[in-house]
Structure formats: C-alpha cells, structure tokens
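# Turn this into a model:
(2 chains)
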Amino acid sequence: AQKITQTQPGMFVQEKEAVTLDCTYDTSDPSYGLFWYKQPSSGEMIFLIYQGSYDQQNATEGRYSLNFQKARKSANLVISASQLGDSAMYFCAMRGNRDDKIIFGKGTRLHILP
Amino acid sequence: DTAVSQTPKYLVTQMGNDKSIKCEQNLGHDTMYWYKQDSKKFLKIMFSYNNKELIINETVPNRFSPKSPDKAHLNLHINSLELGDSAVYFCASSQGNRGLNTEAFFGQGTRLTVV
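Just a heads-up that it's a prediction; the model follows:
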C-alpha cells in the first residue's frame, strides 16, 4: 500500500530564512511521482513542484526545490528566503503508476514570523 | 477561465437531506477525482473516474454516488446527509498518465455543513 508521512504538524520560521518540510513515502510501484501542494488560509490547493522517481536531478521551481533521496524514500520541500505569504498548510503527495490515485500526507502548517 | 470549477462553494443543509455538488473541468483531462478534507485538514481520496469510468472507490458509504456524464464533468450526490459528512469536498482533475508529471488541478472546494 502507498503511504505518505509528514512528521511535522507545525513549524515556525523567521522571515527570509530557508525552511525544509519533511516528507517520506512508501510504495511498491516501480515508478511514481511526488508532488507538493500549498493550501493557504483561503482554502485553495496550489500545485508547487513535481519530482519523478526516475528523474536524475532534484526538481526546482523558483524558491521551491525538492530534495529527493530515493534510497531513503524522502522528498523534502525546501523553500528558500521565506516570505510572510508562505504561511500556509503544505501537503506532500504521491501518485503511483498502477492507478491514478494521488494520496496525500497529513500536512505541515508553516508559520512565517516577521 | 477557471480550470476546475465546482459549485456551490458553500452548502448548509439539514441532516437527512440529499444534496449534490457539481464539478467541471475545461483542461481536457481524462481523470477526475473527489477528495474529502476533514476538520484536521486530512485529504482523503473518495473516487476517481477515467473517461467516465469509475476507477477508484475508496470504501466510501454508498450514500455517496458520483456521476460522470462526460469526461469534463464529475458530480457528487450525497443521500441522507449525516453530521459526519460535514467537510470540505474538493474536485480535481489530471491527465491520466500514471506516474508521470501530471499533477492534479483542484477546484476551490465546497464547504458542506450538515446541521
């Protein structure tokens, strides 16, 4: 069975600092995709970044990067130079190649302090 | 243009009523989903459809019945609503290329409150 684990229910980070949000996963699928979503207080789900299991390089999208360590089954999100607007819930998600199911972790609530 | 739109955004209803939530996507995607987000923000998949065909049914009570008239629409009908059904329901769509970089695009959510 597939599983996503986010062990940090909440984090407080000073503005302009870098922050790492942890995500570990478990799957028996030979190939899979890993995603991060942001959910601000307004409630919408915003796609941030994707990493494929066979990608050789870690994904980057602006201030977001994904620290993918396949052997450890981890896919941590790194946000550089955090901003007040980064305060939100962050979800790690995974999609296997056997079905179209996208499963989510329980999320990490990130608070950026001025 | 809204990529994935669901209506209504808010729904307040009494226990025992039947209600529907509509979802439409204009992205040309093959796969659509319904997710339930509870008060602790946990997102749980309920259903997945691919080209109008039910693919995933995650042991959801049969009071919940999805209907996909075409691949651009996936509606959710809920019978005999219970207090525990109160949650935010998200519709999402994605291209059906399994395991590839096909993220899901989400609607804005429907906050259902059963009183």
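# Residues of chain A that sit close to chain B?
A:29, A:31-33, A:35, A:37, A:39, A:43-45, A:47, A:50, A:52-53, A:89, A:91, A:93, A:95-104, A:106-107, A:109 (Cβ under 8 Å from any Cβ of the partner chain). Quick note: C-beta positions are derived from backbone N, CA and C, even for glycine.
# ChimeraX command for the buried members of those?
In ChimeraX syntax, the buried subset of the residues of chain A next to chain B is picked out as below (16 or more other Cβ atoms under 10 Å in any protein chain shown):
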select /A:29,32,33,35,37,39,45,50,52,53,89,91,93,95,96,97,99,100,101,102,103,104,106,107
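# quick one: which of the residues of chain A next to chain B sit in strands?
Counting by DSSP state E, the residues of chain A next to chain B place A:32-33, A:35, A:37, A:39, A:47, A:50, A:52, A:89, A:91, A:93, A:95-96, A:102-104, A:109 in strands.
# which bits of chain B sit near chain A?
Counting by Cβ under 8 Å from any Cβ, chain B comes close to chain A at B:31, B:33, B:35, B:40-45, B:48, B:50, B:55-56, B:88, B:90, B:92, B:94, B:96, B:98-106, B:108-109, B:111.
# Among the residues you listed, name the buried ones.
The neighbour count (16+ other Cβ under 10 Å) marks B:31, B:33, B:35, B:43, B:45, B:48, B:50, B:55-56, B:88, B:90, B:92, B:94, B:96, B:98-99, B:102-106, B:108-109, B:111 as buried among these.
# Can you report how many residues neighbour B:Asp70?
Residues lying near B:Asp70 (other Cβ atoms under 10 Å in any protein chain shown) number 9.
# Touching, it and B:Glu53? I think so.
No. The pair B:Asp70 / B:Glu53 is not scored as a contact, 11.8 Å apart, by Cβ atoms under 8 Å.
# Which residues are in contact with each of these two?
Residues touching both B:Asp70 and B:Glu53 by Cβ atoms under 8 Å, 6 or more residues apart in numbering or on different chains: none at all.
# For the closest residue to chain B within chain A, give its distance to B:Ser94.
Nearest residue of chain A to chain B, counting by Cβ to the nearest Cβ: A:Asn97, 3.2 Å away. The gap separating A:Asn97 from B:Ser94 is 13 Å, by Cβ to Cβ, to the nearest Å.
# what sits against A:Lys106?
Counting by Cβ under 8 Å, 6+ apart, A:Lys106 touches A:Gln6, A:Pro9, B:Lys40, B:Lys41, B:Phe42.
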